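Asker: Need coordinates for the following:
(2 chains)
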Amino acid sequence: MRDASESMTQPTPAIEATGLTKRYGSTAVVDNVDLRVEQGAVYGFLGPNGAGKTTTMRILTTLTQPTGGEAAIMGTSVTDRDGVRGAIGYVPEEPPVFDELTGLEQLEYLARLRDIPTEDANGRLEAWLDRFDLSDDAGKRIEDYSKGMRQKLGLIQALLHDPDVVFLDEPTSGLDPRAARTVIDAISEMAASGQTVFLSTHILSVVEELADIIGVLNEGRLVAEGTPAELTATAERGGDSSLEDVFLAVTTDVERDRQ
Amino acid sequence: MKMTDWQHVKAIGRTELRRRWRSLQGNPAQLVAILFAGLFGLLAVGVLLFGAFIFGTGIRTGDLDAPIDLVRQGVIYTWIFVLGFGGYRAYATALRPDRLDGMLTTVSHRELLGGLLFAEALVWGIPGAVLVGLCVLLFAAGSGSIVAAPVAFVTIGLVVATALTGGFLVALVIRNTGVRSRLLTRLRTVFVVVLGVGYFWLLVTQSFDTVLAPVYWVLSSTPIGWFGDLLLIGTVTEASVVRAAGAVVGSGLFFVVSARFLTRLAALLWYADGVYIQHQRTDSVSPTASRFESILSRPIAGIVFRDWQRTRRAPITLSFAIYPIIVLVNPTMTAIQTGSISRSFPILAVLSGAWITGALFSLNVLGNEGAVLPATLLANNLGQRLVVGHSVAGALIGVPLTAGATVTLGIASPHSPMSVITLTASALVLTLCTGAIASGVGVVFPRFEEVSVSRSRKAIVPSTLAFVVYSIVLILVALPTIIGHSVTVGHAIDSWLGVPQPTLRLAGTALSGTLGVGFGAVSAAYAVRSVDGFRFD
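Answerer: Model (predicted):
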């Protein structure tokens, strides 16, 4: 009875996946992955190249269907694309912006597609552009933007509609330290305001700084999961283990087992 | 459709048009091409308008026998043409949205499809409606029937709309099959070549009727054929009201059914995983590679194999090598139509073969390295290895093919055996030299960055300027062979200077060979020096 009342009051997890599997022919790219990310958490998703991180993200953002298992965003199954779309913001590694538009046109376009009223959108755009130091360049064509400016623009357009869950694939890749810091601060603020962030990156220091929970994916399997402190403690390398030690240990163990 | 959906469709369509216009503004060559096409189009528009008036007048005066059959025929062939055009547009550009992942996590695939169709409808629909409007007005004026104008306008609108929708459906079915079939994915290039050869065959043998006649026969007893009755309703008495109504009802049903199919097929395509082809990693060297390594040095054999492998995986990088085939179109058509090989065919085969051989891998020796250039530059004797490697990669394909084609065509043509020998000698020398010639030109006009070779595909291809300059040099080098083996020029020189034709052919081959070796040596030396001295700014 007590359990039932507890489960009734427990908030819906932002991301939940059970036995998530994606196969291409006989190759399992994502293999029986279980995930549970609570609302407002920052989930750091680590893994070597080809581990299946992007495929997992594509499943969770409804871009591809799993071949096995289930996943839900804010309680809505990822098979219900129309239901999930409004709840998420997604910034792939290459930000989805159109070179022929100006930065402002791109954001106004996205605001229209997200049904944000014009007056409201104008205020939000102004604030975001100012926040990311893009106000002066908002009238320039995106083809003239640097990688960092594109990344920031991609991030703004993913956040415009105030989504519950934000998926970020390598958000600081190719950014100079100042721009990277702006993005990291923005992610911290998102989490502080209750948004859930699913963050895939190779930059361990970013995950170490931001993530509440870290999951390490290797060859499609979730080989380690826990808070940064838990992971470094289980690395069994003494008190001065770093996240890098953990990463190398769990990915190397799997490789050795396979051989 | 909900109001918000329609707002999204409009926003996507308008943005798509804005992007296309800006992209066009940044591409003056394309703008000029469209302008020229527009100018030629004006002529066709004039003919069409005049034809509509004459046709209407013919119906009014009774000068036309069985106009209903003529209109049915015209409508069916127009429908097939628009279907092909729509299918091509959809396959090549219209249904390949940019930034697909970003769009599909923002709007539904239905809205995205609607937006793209809306953009297409505006681009083609507005000028089309103006043109059709003028045509039907002149037709009505000629036929003396006011009702003919609106009826014809609606009919033509339905013909075009159903054909475009049909074309889009066909394109989506083909693309869905393509992304799911391992066989089609692997053999895509072969299929495109077979289709191209088939089209070319129909063109030169003028046998389109063979294909279109059964299609016409089938379509004539469907609502598509009945559009002919609808167009002439109220203008000629032979037009059947029942068939006209059938055309309208059939169109309505078609739109309802195809709307569901279009959205379903678009979703299947855009959310498709695609064929997963795992490229086999082979640590051991293949037997062919071992044989090459026993003849060539290992680095050069490596460059040769890499060139071939990259081409097999991305044949589009060889797009420039296709242009020289143009010189073979005319003699091939003549050969098919007359059943005999013209004298010019083997000569042009030498030119085309040598031209292609150099353009295959040597036109961008530095830029071709792409992102790995900084690492490649650390190798010893890099210039020599790259120039020789790329030239050998081209020559191993070009020399046997060109020489073989020259001998075969030469024997089948009116050329004397001596002439075939000198032509083959030219083919051998020129194909061996063109790689070296192209290398030097390529380092003068390199291209390092990827460019759009189609709307959805980017690749590093040689610069246009490099190809143009290389082509000019190659033609200059091959010119003595062409002149020496030309009967007309040979006769003229014989009668003017008294130089016999066999001597002229020999001299032509010798001069082309000397020029080829000379230009090749200078060009290759320049390329080697430039590559070895290359530094990043």
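
Asker: Other residues contacting stretch B:360-378?
Answerer: Stretch B:360-378 is contacted by residues B:307, B:311, B:318, B:320-321, B:382, B:386-387, B:390-391, B:393-394, B:397-398, B:434-436, B:438-439, B:441-443, B:446-448, B:450, B:460-463, B:466-467, B:470, B:527, B:530-531, B:534, B:536 when judged by CB atoms under 8 Å, 6 or more residues apart in numbering or on different chains. (Each C-beta comes from the backbone N, C-alpha and C, glycine too.)

Asker: Read off the pLDDT value for the one residue in chain A that gets nearest to chain B.
Answerer: Chain A approaches chain B most closely through A:P96 (2.2 Å), counting by CB to the nearest CB. Note for A:P96: predicted pLDDT of 93.

Asker: from what I can see it touches B:G102, true?
Answerer: Yes: counting by CB atoms under 8 Å, A:P96 touches B:G102, with 2.2 Å between them.

Asker: ok, now how distant is B:A171 from chain A?
Answerer: B:A171 is 22 Å from chain A, where distance means CB to the nearest CB, to the nearest Å.

Asker: How about B:L377?
Answerer: In terms of CB to the nearest CB, B:L377 sits 23 Å off from chain A.

Asker: interface residues of the stretch 51-200 of chain B facing chain A?
Answerer: Within the stretch 51-200 of chain B, the positions lying close to chain A (CB under 8 Å from any CB of the partner chain) are B:D98, B:R99, B:D101, B:G102, B:M103, B:L104, B:T105, B:T106, B:V107, B:S108.

Asker: among the contacts of stretch B:360-378, which ones are buried?
Answerer: B:307, B:311, B:318, B:320-321, B:382, B:386-387, B:390-391, B:393-394, B:397-398, B:434-436, B:438-439, B:441-443, B:446-447, B:460-463, B:466-467, B:470, B:527, B:530-531 (16 or more other CB atoms under 10 Å in any protein chain shown).

Asker: tell me the average confidence for the host helix or strand of A:Q106?
Answerer: Using DSSP states H and E, the element containing A:Q106 is helix A:103-113. The average pLDDT within helix A:103-113 is 95.

Asker: Repeat that for stretch B:446-457.
Answerer: For stretch B:446-457, mean pLDDT rounds to 66.

Asker: quick one: secondary structure of A:L222?
Answerer: Under the three-state scheme (DSSP: H, G, I helix; E, B strand; the rest coil), A:L222 adopts strand.

Asker: Which strand residues bridge it?
Answerer: Per DSSP bridges, the residues bridged to A:L222 are A:L217.

Asker: now it: how far from A:L46?
Answerer: Per CB to CB, to the nearest Å, A:L222 is found 10 Å from A:L46.

Asker: what do those two both touch?
Answerer: In contact with both A:L222 and A:L46: A:G215, A:V216, using CB under 8 Å, 6+ apart.

Asker: neighbour count winner among those two?
Answerer: Neighbour count, other CB atoms under 10 Å in any protein chain shown: between A:L222 and A:L46, A:L46 has more, with 27 against 23.

Asker: Now the phi/psi pair for that one, please.
Answerer: A:L46 adopts backbone torsions of phi -110, psi 160, taken as degrees, to the nearest 10.

Asker: Surely it is in contact with A:N218?
Answerer: No: using CB under 8 Å, A:L46 is not in contact with A:N218; the gap is 9.1 Å.

Asker: Find the nearest non-adjacent residue to residue 22, please.
Answerer: If you meant another chain, say so; for now it's chain A. Using CB to CB, 6 or more residues apart in numbering or on different chains and skipping residues adjacent in sequence, the residue nearest A:K22 is A:V30, 4.1 Å away.

Asker: Chain B was what I was after
Answerer: Per CB to CB, 6+ apart, closest to B:R22 is A:E100, 4.2 Å.

Asker: Count the neighbours of the one you found for me.
Answerer: 20.

Asker: Can you name the helix or strand that it falls in?
Answerer: Per DSSP H and E, A:E100 falls between elements, in no helix or strand.

Asker: Which of the three states applies to A:R36?
Answerer: Under the three-state scheme (three-state DSSP), A:R36 adopts strand.

Asker: contacting residues around it?
Answerer: So A:R36 contacts A:P13, A:I15, A:E16, A:A17 (CB under 8 Å, 6+ apart).

Asker: 10 Å instead?
Answerer: Applying CB atoms under 10 Å, 6 or more residues apart in numbering or on different chains, one finds that A:R36 lies in contact with A:P13, A:A14, A:I15, A:E16, A:A17, A:T18, A:Y43, A:I213, A:E225.

Asker: Check B:L423 too.
Answerer: Here B:L423 is in contact with B:346-347, B:349-350, B:403, B:406-407, B:409-410, B:413, B:415, B:481, B:484-485, B:505, B:508-509 (CB under 10 Å, 6+ apart).

Asker: and B:R264, that one's in a strand?
Answerer: No: counting by three-state DSSP, one finds B:R264 to be helix, located in no strand.

Asker: what's the pLDDT at B:V193?
Answerer: Per-residue pLDDT puts B:V193 at 77.

Asker: And the strands in the chain?
Answerer: If you meant another chain, say so; for now it's chain A. Here chain A has its strands, by DSSP state E, at A:15-24, A:27-37, A:42-46, A:68-73, A:76-77, A:88-91, A:165-169, A:196-200, A:213-218, A:221-226.

Asker: was after chain B, sorry
Answerer: Taking DSSP E as the criterion, chain B carries its strands at B:451-454, B:457-459.

Asker: related to what we said a few turns ago, ok, of the contacts of A:R36, which one's closest to B:G196?
Answerer: For the contacts of A:R36, the closest approach to B:G196 (CB to CB) belongs to A:A17, at 46.8 Å.

Asker: List the contacts of the closest one.
Answerer: Contacts for A:A17 (CB under 10 Å, 6+ apart) come out as A:30, A:33-37, A:56, A:59-60, A:66, A:69-73, A:78, A:222.

Asker: Buried subset of the residues you listed, written for ChimeraX?
Answerer: The following ChimeraX line selects those of the contacts of A:A17 that are buried, judged by 16+ other CB under 10 Å:
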select /A:30,33,35,37,56,59,60,66,69,71,72,73,78,222
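
Asker: how near is B:F139 to B:G58?
Answerer: 10 Å.

Asker: cool, B:D101 as well?
Answerer: 56 Å.

Asker: Just give the number of residues close to A:A192.
Answerer: 10.

Asker: Test my guess that it contacts A:G40.
Answerer: Yes: taking contacts as CB atoms under 10 Å, A:A192 lies within contact range of A:G40: 8.3 Å.

Asker: Contacts only, for the residue in chain B that chain A sits nearest to.
Answerer: At 2.2 Å from chain A, B:G102 is the closest residue in chain B, using CB to the nearest CB. Contact partners of B:G102, counting by CB under 10 Å, 6+ apart, are A:Y90, A:V91, A:P92, A:E94, A:P95, A:P96, A:V97, A:F98, A:L110, A:G154, A:Q157, A:A158.
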